[in-house]
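Visitor: Using only what follows, build the 3D model:
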Amino acid sequence: MAGIDAVVLARAQFAFTIGFHIIFPAFSIGLASYLMVLEGMWLRTGRRVYLDLFQYWVKAFALVFGMGVVSGLVMSYQFGTNWGAFADKAGPIVGPLMGYEVLTAFFLEAGFLGIMLFGMKKVGKGLHFAATCVVAFGTLLSGFWILSVNSWMQTPQGYAITADGHFVPTSWMEIIFNPSFFYRFPHMILGCYLAVAFFVGAVGAYHLLRDRSNLAARTMFSMALWMATLVAPAQILVGDAHGLNTLEHQPAKVAAMEGDWETHPGQPLVLFALPDQAAATNRYEIAIPKLGSLILTHKLDGEIKGLKDFAPQDRPPVAVVFWAFRVMVTLGLLMAAFGLGSLVLRRRGRIYTNVWLQRGMVAMAPAGFLAILAGWTVTEVGRQPFTVYGLLRTIDSVSPIGLPGVATSLAAFAVVYFLVFGAGVAFLLTMVSRPPIPGEPGPSPEQPMRSSGITPGPVAMAAE
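Guide: Okay, the predicted model is just below:
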């Protein structure tokens, strides 16, 4: 029992640290592409407002990128501390893929970040824009490798298992482009774009509520809503395709997502329930007949495998997966509704005057990031009780470390993370609480605080 408790705490520690970490790379991926668009629009149109917005958000990008690097380092250390057995057995495959992420993506980002931040007046417009594009590409490439690693753990192929239980590669192409990668990668990238769009839109809305004439706030608000209008419906379509792929390769996860215990044609869509894993049933269920089969199989009488067809020890924690999936879907539908609603208001010329839309956008500021966290909860908890799906159990992946050691490190992580990253997030919110101004100053290595507008100075006082 003590061993099981140690495993639970090790999982909790990894979940805690990745829950903090994933927000920052997601922010970096979406914001880097946004910066690339802003600078491209400035070079194409010559409108100063795009440069002002670039200078405004590039400082936030630098902060978020730094927090992502620091929180990411901790993740790799945990493979050696809490998950040594997993690192030993799956290392010949997982290790090189994560190494490629560092050697390609991170080096691109880090190598050109300085030019993007401080080289606007030193290298010329064209070369500076090229640096911004390289940083944006680097963030996407980083997502490519990390999603490839995770997707292989979900749908492994291209491997062989040695006599002593080690995974070794037989085809790197099959490993990298495994069956779920082509669904997980776009699903995650679109999620990053949506998350940043709603955060940027919320900042724009916040400043519009105080000054409707602020051109930069109007521009970022409009651009964010265009992104929501276009990307949210695309995300729903990608999510549907991803669900069909998951149904094929991880049917137990889908059964937990849907709250389906029995196998029969014409599964209902369970809207609300309290899954009871011990009794293998749902309490207080509210469902729409046959709609679950229609969504997942595109047939009213399609058959979905129920959880009772899997051994109890092979079922994921149903309640967590069930509710995390509903949080993700609800937030996704809300984001799509905001996008479509803004399109109607845009056609009526009321996008900048509708106070309720702007207040709603402010409230939706964290929606995209919460949806990402909920989606990753579905992905990772739904894979249980395996680290490599169907092949390597979580109980066999943990390091031989006792309960006190894991509990102590978890408590230390909680204190440090809330202090350090809490301060970082507070600093970010302080930065964006200042409205963008005409002639927005860029980051300066000589006066980083003053150029961000945080330390009171002529620019900050003028903005106030």
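
Visitor: contacts and neighbour counts: CA atoms only from here.
Guide: Noted.

Visitor: The spatially closest residue to Lys299 that is not a sequence neighbour and Glu285: what is the separation?
Guide: Nearest non-adjacent residue to Lys299, counting by CA to CA, 6 or more residues apart in numbering: Ser293, 6.0 Å away. Look at Ser293 and Glu285: by CA to CA, to the nearest Å, they are 17 Å apart.

Visitor: tell me the SS of Ala273?
Guide: strand (DSSP: H, G, I helix; E, B strand; the rest coil).

Visitor: wait, what's in contact with it?
Guide: Under the criterion of CA atoms under 8 Å, 6 or more residues apart in numbering, the neighbours of Ala273 are 259, 282-286.

Visitor: Please apply the same query to Gly368.
Guide: Counting by CA under 8 Å, 6+ apart, the residues that Gly368 touches are 191-192, 194-196, 198-199, 331-332.

Visitor: can you check Leu31 too?
Guide: Here Leu31 is in contact with 57, 61, 193, 196 (CA under 8 Å, 6+ apart).

Visitor: could you redo the last one with a cut-off of 10 Å?
Guide: Applying CA atoms under 10 Å, 6 or more residues apart in numbering to Leu31 gives the contacts 25, 37, 57-58, 60-61, 64-65, 136, 139, 192-193, 195-197, 199-200.

Visitor: Could you check the pLDDT of it?
Guide: Looking at Leu31, its pLDDT reads 94.

Visitor: sorry, back to before: between Ser293 and Glu285, which one's more packed in?
Guide: Neighbours were tallied for Ser293 and for Glu285 using other CA atoms under 10 Å; the higher tally belongs to Ser293 (21 against 13).

Visitor: Mind pulling up the pLDDT for the more buried one?
Guide: On the pLDDT scale, Ser293 is placed at 87.

Visitor: how deep is Thr104 tucked in, by neighbour count?
Guide: Thr104, neighbours per other CA under 10 Å, totals 14.

Visitor: Need the three-state assignment for it.
Guide: Following three-state DSSP, the label given to Thr104 is helix.

Visitor: Contacts only, for it.
Guide: For Thr104, the contacting residues are 138, 141-142, 145, by CA under 10 Å, 6+ apart.

Visitor: What of Leu429?
Guide: 60, 203, 423.

Visitor: doesn't Lys89 make contact with Asp164?
Guide: Yes - if you go by CA atoms under 10 Å, Asp164 and Lys89 touch, sitting 8.8 Å apart.

Visitor: Give me the more crowded residue out of those two.
Guide: The neighbour comparison of Asp164 against Lys89 (other CA under 10 Å) goes to Lys89, with 20 against 7.

Visitor: thinking again about what came up before, tell me which of the contacts of Leu429 fall in strands.
Guide: Taking DSSP state E, every one of the contacts of Leu429 sits outside strands.

Visitor: Pick the one among those closest to Pro436.
Guide: Val203 (10.0 Å; CA to CA).

Visitor: how many neighbours does that closest one have?
Guide: Neighbours of Val203 (other CA under 10 Å): 24.

Visitor: I'd like the distance between it and Gly40.
Guide: Look at Val203 and Gly40: by CA to CA, they are 21 Å apart.

Visitor: try Gln13
Guide: 41 Å.

Visitor: How about His264?
Guide: Taking CA to CA as the measure, His264 falls 54 Å from Gly40.

Visitor: Looking at these two, which is more packed in?
Guide: Each of His264 and Gly40 has its neighbours counted (other CA under 10 Å); Gly40 has more, 20 against 15.

Visitor: mind listing what Ala426 touches?
Guide: Val420.

Visitor: What of Leu391?
Guide: 153, 156, 161, 165, 167.

Visitor: and what of Val8?
Guide: Contacts of Val8 (CA under 10 Å, 6+ apart): 2, 14, 394-395, 398, 403, 406.

Visitor: Can you tell me which of the residues you listed has the largest number of neighbours?
Guide: Neighbour max across the contacts of Val8 (other CA under 10 Å) = Val398, 24 neighbours.

Visitor: That one is in contact with Asn82, isn't it?
Guide: Yes - in this structure Val398 lies within contact range of Asn82 using CA under 10 Å: 5.8 Å.

Visitor: Mutual contacts of those two, please.
Guide: In contact with both Val398 and Asn82: 6-7, 10-11, using CA under 10 Å, 6+ apart.

Visitor: got CSV for the residues you listed, with secondary structure, neighbour count and pLDDT too?
Guide: Listed next are these as CSV, based on DSSP: H, G, I helix; E, B strand; the rest coil; neighbours: other CA atoms under 10 Å; pLDDT from 0 to 100:
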residue, secondary structure, neighbour count, pLDDT
Ala6, helix, 23, 78
Val7, helix, 25, 84
Ala10, helix, 25, 83
Arg11, helix, 17, 86
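
Visitor: Closest one of those to Phe272?
Guide: Distances from Phe272 to the shared contacts of Val398 and Asn82, taken by CA to CA, are shortest for Arg11, at 27.3 Å.

Visitor: what about the closest one, distance to Phe27?
Guide: In terms of CA to CA, Arg11 sits 24 Å off from Phe27.

Visitor: For this structure, name the helix or strand with the lowest mean pLDDT.
Guide: The helix or strand of the chain with the poorest confidence is helix 458-463; it has a mean of 28 (mean pLDDT, DSSP states H and E).

Visitor: Helix or strand: which one has Gln78?
Guide: Using DSSP states H and E, the element containing Gln78 is helix 48-81.

Visitor: Pull out the buried positions in that helix.
Guide: 48-65, 67-68, 71-72, 75, 78-79, 81 (16 or more other CA atoms under 10 Å).

Visitor: For stretch 396-413, list every residue counted as buried.
Guide: Neighbour-count burial for stretch 396-413 [16+ other CA under 10 Å]: 396-399, 401, 403, 406-407, 410, 413.

Visitor: Which ones among those residues lie within helices?
Guide: 403, 406-407, 410, 413 (DSSP state H).

Visitor: does Val270 count as helix, strand or coil?
Guide: Going by three-state DSSP: Val270 is strand.

Visitor: about what we covered before: so which of the contacts of Leu391 wins on neighbours?
Guide: Going by other CA under 10 Å, Met153 tops those with 25 neighbours.

Visitor: What pLDDT is listed against that residue?
Guide: pLDDT recorded at Met153 is 95.

Visitor: try Gly46
Guide: 89.

Visitor: contacting residues for it?
Guide: By CA under 10 Å, 6+ apart, the residues touching Gly46 are 39-40.

Visitor: quick one on the thing from earlier: got JSON lines for the contacts of Ala273, with pLDDT and secondary structure too?
Guide: Below are those laid out as JSON lines (pLDDT from 0 to 100; DSSP: H, G, I helix; E, B strand; the rest coil):
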{"residue": "Gly259", "pLDDT": "90", "secondary structure": "coil"}
{"residue": "Asn282", "pLDDT": "90", "secondary structure": "strand"}
{"residue": "Arg283", "pLDDT": "92", "secondary structure": "strand"}
{"residue": "Tyr284", "pLDDT": "91", "secondary structure": "strand"}
{"residue": "Glu285", "pLDDT": "88", "secondary structure": "strand"}
{"residue": "Ile286", "pLDDT": "89", "secondary structure": "strand"}
